[in-house]
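Student: sequence and predicted model, in that order:
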Amino acid sequence: MPATTHSEEPIPGTYIFDGRAAMKGYALNKMCYSFNKAENRAEFLLDEDAYCAKYGLNEVQRRAVKARNVLQLIHAGGNIYYLAKFAGIFGLNVQDVGAQQTGMTVDEFKKFIKSQGA
Amino acid sequence: MTVAHIIGGLTTSHIPAIGNAVPNEEVLKNDPYWQPFFSGYGKAREWLQAAKPDVAIVIYNDHGLNFFLDKRPTFSIGAAFEYQHADEGWGIPTLPPFQGDPELSWHIINSLVADEFDITSCQEMLVDHGFTVPMSLFWKDNSYGNIRTIPVCINTVQHPLPSPARCFKLGQAIGRAVESYDKDLKVVVLGTGGMSHQLDGERAGFINKKFDLMCMDKIVNEPEALTGLSIHELVRQAGAQGAEFILWLAMRGALPGNVKMVHSNYHIAISNTATGLMVLENAA
């Protein structure tokens, strides 16, 4: 039985976090889940490489973590809810993350959001 | 026989940014950014103060505080004396604990499993912003100390998500369970999350006002018009995280009689999300 569930037509710019992604991103998401605790966030900041190694991230995931690049992290199996805890370490909220993924400045991104209310 | 009775349902978005704003509502309610959002809540609080529910069943999704991906139940229900909030990693203030009603929880759990909903029961359960933000919005200044809560958590993190139709039926089963509980209790059901938003991917920032307003219209008296949606179509129309609308449908399923809309408010946007607030009174 396939681990994927989205047999429907793909939605542009949208990633369905299904079984396939959940398997691919397990180590990365597990590390991000650990960031619920302040002592783990501190440990990550103290030695990022050691912390990634402790959770068994692969090379692609480690590069994406180092680049703080959300799209790369998603391609590496990251789930946005867990990635939000990673972004939070650097004081980035979902609007900063949205701007990064869409190639806009944060101000442009906020204007874009608001424009959809017109 | 005296039984518990569902008095109505409330919906609200549960965006983390609101959790940061709620302690400063008195200042922010005059701020141009927040005014259109907070102005909606006065009427909902008035309705609650008049209706005086004893119990709130809160249908929400866990965003990675209580559940990791090692175990990710589709439907889970709290059966604890108390529920704690905790650090979610990105700085939302941690709220005081919420009182449970384990006896009613177990009644619902027993009834649901007998009704072929094979849910997960949780005697320990951290509740995240999906639960806490609505509680702090409806019970101002965290005045929820006298209300007992039952968290009902639906998976929206990892696909496959339960379908809109399945969530509506879960709500109906919760409604039947409550209305067979032999205690004179007034119960309100909260459907949280939504409305349209997308946090991830190149389509981040997507909002669909037309679809949201259609949902707010149909959910009152024609919820069946929405239960035919697939999750994929919901993601397409409401955004990846807009799929949280299944939580509203579960709430709506729990309302047993004719429903009257008392109040609603829609606003684009807080953070990346179109916010929706509804007060639905059970007219039966």
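Tutor: Everything's here; your move. Residues are numbered from 1 along each chain as shown, chains lettered A, B, ... in the order given.
Student: give me the neighbour count for residue 29.
Tutor: Using chain A. Neighbour count for A:Asn29, taken as other C-beta atoms under 10 Å in any protein chain shown: 30. (Glycine included, C-beta is placed from N, CA and C.)
Student: you looked at the wrong chain, it should be chain B
Tutor: So B:Lys29, with other C-beta under 10 Å, has 15 neighbours.
Student: next, count neighbours for residue 40.
Tutor: In the absence of a named chain, chain A is used. Neighbours of A:Asn40 (other C-beta under 10 Å): 19.
Student: was after chain B, sorry
Tutor: 20.
Student: from what I can see it touches B:Met278, true?
Tutor: No. The pair B:Gly40 / B:Met278 is not scored as a contact, 9.6 Å apart, by C-beta atoms under 8 Å.
Student: phi, psi of residue 96?
Tutor: All of this refers to chain A. phi -60, psi -40 (degrees, to the nearest 10).
Student: can you tell me how far it is from A:Phe90?
Tutor: 9 Å (C-beta to C-beta, to the nearest Å).
Student: check the stretch 1-150 of chain B for the residue nearest chain A and tell me.
Tutor: Using C-beta to the nearest C-beta, the single residue of the stretch 1-150 of chain B nearest to chain A is B:Trp90, 2.7 Å away.
Student: mutual contacts of B:Gly40 and B:Met278, please.
Tutor: Shared contacts of B:Gly40 and B:Met278, defined by C-beta atoms under 8 Å, 6 or more residues apart in numbering or on different chains, comprise B:263-264.
Student: quick check: residues of the stretch 101-250 of chain B near chain A?
Tutor: Taking C-beta under 8 Å from any C-beta of the partner chain as the measure of proximity, the stretch 101-250 of chain B contacts chain A at B:157-160, B:198-209, B:230, B:232-233, B:235-236, B:239-241.
Student: run the last query once more with 6 Å
Tutor: B:157-160, B:199-205, B:207, B:232, B:236, B:240 (C-beta under 6 Å from any C-beta of the partner chain).
Student: report pLDDT for the residue of the stretch 1-150 of chain B closest to chain A.
Tutor: For B:Trp90, the model assigns a pLDDT of 91.
Student: so what's it closest to, chain neighbours aside?
Tutor: A:Gly88 (2.7 Å; C-beta to C-beta, 6 or more residues apart in numbering or on different chains).
Student: for the residue of the stretch 1-150 of chain B closest to chain A, give me phi and psi.
Tutor: According to degrees, to the nearest 10, B:Trp90 has phi -120, psi 20.
Student: is it in contact with A:Phe86, as I believe?
Tutor: No. Taking contacts as C-beta atoms under 6 Å, B:Trp90 lies outside contact range of A:Phe86: 9.2 Å.
Student: more neighbours: which of the two?
Tutor: A:Phe86 (26 against 22).
Student: name the helix or strand for that one, please.
Tutor: helix A:80-89 (DSSP states H and E).
Student: which residues touch that helix?
Tutor: Helix A:80-89 is contacted by residues A:29, A:32-33, A:35, A:41, A:73, A:97, B:63-64, B:89-90, B:157, B:199-200 when judged by C-beta atoms under 6 Å, 6 or more residues apart in numbering or on different chains.
Student: for the helix or strand hosting B:Ala274, give the mean pLDDT please.
Tutor: Assigned by DSSP H and E, B:Ala274 falls within strand B:273-282. Strand B:273-282 carries an average pLDDT of 97.
Student: and if you look at stretch A:18-34?
Tutor: The model assigns stretch A:18-34 a mean pLDDT of 98.
Student: and if you look at stretch B:49-56?
Tutor: Stretch B:49-56 comes out at a mean pLDDT of 98.
Student: how about it: buried residues?
Tutor: B:53-56 (16 or more other C-beta atoms under 10 Å in any protein chain shown).
Student: the residues you listed in strands, which ones?
Tutor: B:55-56 (DSSP state E).
Student: most widely separated two among the buried residues of stretch B:49-56?
Tutor: B:Asp54 and B:Ala56 (8.8 Å; C-beta to C-beta).
Student: tabulate the buried residues of stretch B:49-56 (CSV), appending distance to chain A.
Tutor: CSV is the format used below for the buried residues of stretch B:49-56 (distance: C-beta to the nearest C-beta, whole Å):
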residue, distance to chain A
B:Pro53, 30
B:Asp54, 32
B:Val55, 28
B:Ala56, 24
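Student: leaving out chain neighbours, which residue sits closest to B:Gly228?
Tutor: B:Ala165 (7.1 Å).
Student: tell me how far B:Met125 lies from A:Glu48.
Tutor: Distance from B:Met125 to A:Glu48, by C-beta to C-beta: 32 Å.
Student: ok, these two, which is more surrounded?
Tutor: Shown here are B:Met125 and A:Glu48; by other C-beta under 10 Å, B:Met125 has more neighbours (23 against 14).
Student: list the contacts of the more buried one.
Tutor: B:Met125 sits in contact with B:66, B:78, B:80, B:83, where contact means C-beta under 6 Å, 6+ apart.
Student: near residue 36, how many other residues are there?
Tutor: Using chain A here. Using other C-beta under 10 Å, A:Asn36 has 22 other residues around it.
Student: oops, chain B please
Tutor: Residues near B:Pro36, counting by other C-beta under 10 Å: 16.
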